[in-house]
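1. Here is my input; please provide its structure:
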Amino acid sequence: SLTSASLGGISLALLITAHNAISLMALPIALLYMVYCYFIITEKKQRKLFIVKNMMLLILGFGLAAFFWIPGLLEGKFTLRNIVTNGVYKDRFVSFSELLYGPWSYGGTGLFTVQLGIINWIISFASLLSLPFIYRKNKKIFWFIALFLISIISAIFVMLPVSNFIWGKVMLLQNFQFPWRFLAVTVFATAALGAIFVEILPKKVQTVTFIILFAAVLFLNKDYWHAKGYIYKPQSFYTGIYEGTTDTGESAPIWSVRFMEKKAQSPAQIIDGIGTITVVKHAPSLHIYVLNNKTNVRMLENTLYFPGWRVLVDSVQIPIQFQDEQYRGLMTFMVPQGNHTVQIVFGESKLRLISDAVSVISFVIVIIFLGLDIIKHKKK
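-> You can find the predicted model right below:
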């Protein structure tokens, strides 16, 4: 029991850290499956244990991933996420006909196919039509199929324009940006239905049906078996400022501009006063400079501020300004006359430290649970 809860918690944590949007989509399905198991599968005398074990699973899963999801949820207010994603969903709904069929395409949003999949539709309709028959034969299988059909119907609903009133009221949903991302739910749900569909067939036709479905899925997806093309870039493209398509400005700090206004000529510079800067180290989370100032100077660090950055002058922390209209989001600070060592360090905020502690405690609990089960098994 302890081992299954621990492994379940680890699986949940891995899902959350793999992709926060996918984990949010999967969580309702997981909860519905727990309800299904509680009422349909679990015997009455074991239900209390079932609840305890699954609560442990959820607590450990969210606890292990706390270092990731808590800062992502609560520190998101320090980014342009809600501003950039606000209203994007309105132009990203799909029509029902597009879910039925769309030609393969490597284009961007609005161009590539968002079809559910021919085999997926066949499996869904076959499962729906077979419900009356299955209800008479096996109620456990009936509710299992019903669970995933509800998931499919719900996912289709939120992808269509008719669900606009829900998107407009739920900010968390708007962070998904594209309603068609709920195709991820239909992919999983139809795969589960396909497995149960083959399972309930007579034994003599199960293998043949599986081979036919497998071959059909491969054939219908053959156009995506190869890349459209390859882009070759010099090494400097990757070692410099990466101008890729993985971000549309939503990750920029809220006190900065959405996109970079200009490329910095140097990591740091003096914008007021007279002095010189020598770069000693410029790592992602630690910048070290030696300053030789003839006067008091105002220094500009060409790094966007985010909670966790600290500036130390001769090992003493000093105030940072990051809302200057001329240097929006960039860190500026004063350094007195003379020779000084300036360290600009990125560390954990209080929120992140607490989140890290929750993850560490959860990890220790998992190790203890696994150890207890191993000891128990050896005694037996």
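
2. Please enumerate the strands of this structure.
-> 268-272, 275-283, 286-293, 297-304, 309-313, 316-318, 330-335, 338-346 (DSSP state E).

3. From the centre of the chain, give me the residue that's furthest out.
-> residue 294 (49.3 Å; Cα atoms, centre = their mean).

4. Counting neighbours, what do you get for the residue nearest to that residue when sequence neighbours are not counted?
-> Of all residues not flanking residue 294 in the chain, residue 274 sits nearest, at 4.4 Å (Cβ to Cβ, 6 or more residues apart in numbering). Backbone N, C-alpha and C define where each C-beta goes, glycine included. A count of neighbours around residue 274, defined by other Cβ atoms under 10 Å, yields 12.

5. backbone phi and psi for residue 274, please?
-> phi -120, psi 130 (degrees, to the nearest 10).

6. wait, what's in contact with it?
-> For residue 274, the contacting residues are 293-295, 297, by Cβ atoms under 8 Å, 6 or more residues apart in numbering.

7. and if you look at residue 294?
-> Residues near residue 294 by Cβ under 8 Å, 6+ apart: 273-275, 337.

8. And the buried ones among the residues you listed, selectable in PyMOL?
-> Selection of buried members from these for PyMOL, criterion 16 or more other Cβ atoms under 10 Å:
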select buried, resi 273+275
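
9. from the contacts of residue 294, which two are the most distant?
-> 274 and 337 (9.3 Å; Cβ to Cβ).

10. Mutual contacts of those two, please.
-> Residues within reach of residue 274 and of residue 337 at once, by Cβ under 8 Å, 6+ apart, are 293-295, 297.

11. Could you pick out the longest helix of this protein?
-> Using DSSP state H, we find that the single longest helix of the chain is helix 350-379.

12. quick one: buried residues of it?
-> Neighbour counts over helix 350-379 (16+ other Cβ under 10 Å) mark 352, 355, 358-359, 362-363, 365-366, 369, 373 as buried.

13. how about the helices in this protein?
-> For the chain, applying DSSP H gives helices covering 2-18, 20-36, 47-64, 66-74, 81-85, 96-100, 118-137, 139-159, 164-169, 171-174, 183-200, 203-220, 235-239, 350-379.

14. Rounded mean pLDDT for the last one, please.
-> Averaged across helix 350-379, the pLDDT comes to 92.

15. So which other helices or strands are in contact with it?
-> helix 2-18, helix 47-64, helix 66-74 (3 or more Cβ pairs under 8 Å, 6 or more residues apart in numbering; DSSP states H and E).

16. Taking helix 2-18 as reference, get the angle to the last one.
-> Angle between the axes of helix 66-74 and helix 2-18 is 40 degrees (criterion: axes from the mean of the first three to the mean of the last three Cα atoms, to 10 degrees).

17. ok, and the closest non-adjacent residue to residue 21?
-> Nearest residue to residue 21 in three dimensions, chain neighbours excluded: residue 176, at 5.7 Å (Cβ to Cβ, 6+ apart).

18. Ramachandran angles for the one you found?
-> Main-chain torsions, residue 176, degrees, to the nearest 10: phi -70, psi -20.

19. Compute the first-to-last residue distance for stretch 266-281.
-> End-to-end span of stretch 266-281 (Cα to Cα, to the nearest Å): 13 Å.

20. ok, now stretch 329-348?
-> Stretch 329-348 has an end-to-end distance of 19 Å (Cα to Cα).

21. and if you look at stretch 319-326?
-> Using Cα to Cα, the distance between the terminal residues of stretch 319-326 is 18 Å.

22. average model confidence for it?
-> pLDDT averaged over stretch 319-326 gives 91.

23. Could you list the buried residues of it?
-> residue 322.

24. hmm, who's touching that stretch?
-> Taking contacts as Cβ under 8 Å, 6+ apart, the residues outside stretch 319-326 that touch it are 255, 304-305, 309-311, 329-333.

25. Just the buried ones from those residues?
-> Counted by 16+ other Cβ under 10 Å, these give 255, 304-305, 309, 311, 329-333 as buried.

26. hey, which helix or strand in the chain has the poorest pLDDT?
-> One helix or strand of the chain scores below all others by mean pLDDT, DSSP states H and E: helix 235-239, with a mean of 76.

27. send the alpha carbons of that one over as PDB?
-> Presented in PDB, the C-alpha positions along helix 235-239 are these (Å, rounded to 0.1, in the frame of the first residue of the first chain):
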ATOM      1  CA  GLN A 235      27.200  27.900 -33.300                       C
ATOM      2  CA  SER A 236      26.900  31.600 -32.500                       C
ATOM      3  CA  PHE A 237      23.100  31.400 -33.000                       C
ATOM      4  CA  TYR A 238      22.900  29.100 -30.000                       C
ATOM      5  CA  THR A 239      25.600  30.600 -27.800                       C
END
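
28. by contact count, what packs against it?
-> Packing partners of helix 235-239 (3+ Cβ pairs under 8 Å, 6+ apart): none among the helices and strands.

29. does residue 116 really touch residue 189, like I thought?
-> No - judged on Cβ atoms under 8 Å, residue 116 makes no contact with residue 189 at a distance of 10.3 Å.

30. which stretches of the stretch 1-150 of the chain have low pLDDT?
-> Along the stretch 1-150 of the chain, segments meeting pLDDT under 70 span 1, 109.

31. okay, the contacts of stretch 319-326 in JSON lines with pLDDT next?
-> Formatted as JSON lines, these follow (pLDDT from 0 to 100):
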{"residue": "255", "pLDDT": "89"}
{"residue": "304", "pLDDT": "92"}
{"residue": "305", "pLDDT": "94"}
{"residue": "309", "pLDDT": "96"}
{"residue": "310", "pLDDT": "96"}
{"residue": "311", "pLDDT": "96"}
{"residue": "329", "pLDDT": "91"}
{"residue": "330", "pLDDT": "93"}
{"residue": "331", "pLDDT": "95"}
{"residue": "332", "pLDDT": "96"}
{"residue": "333", "pLDDT": "96"}
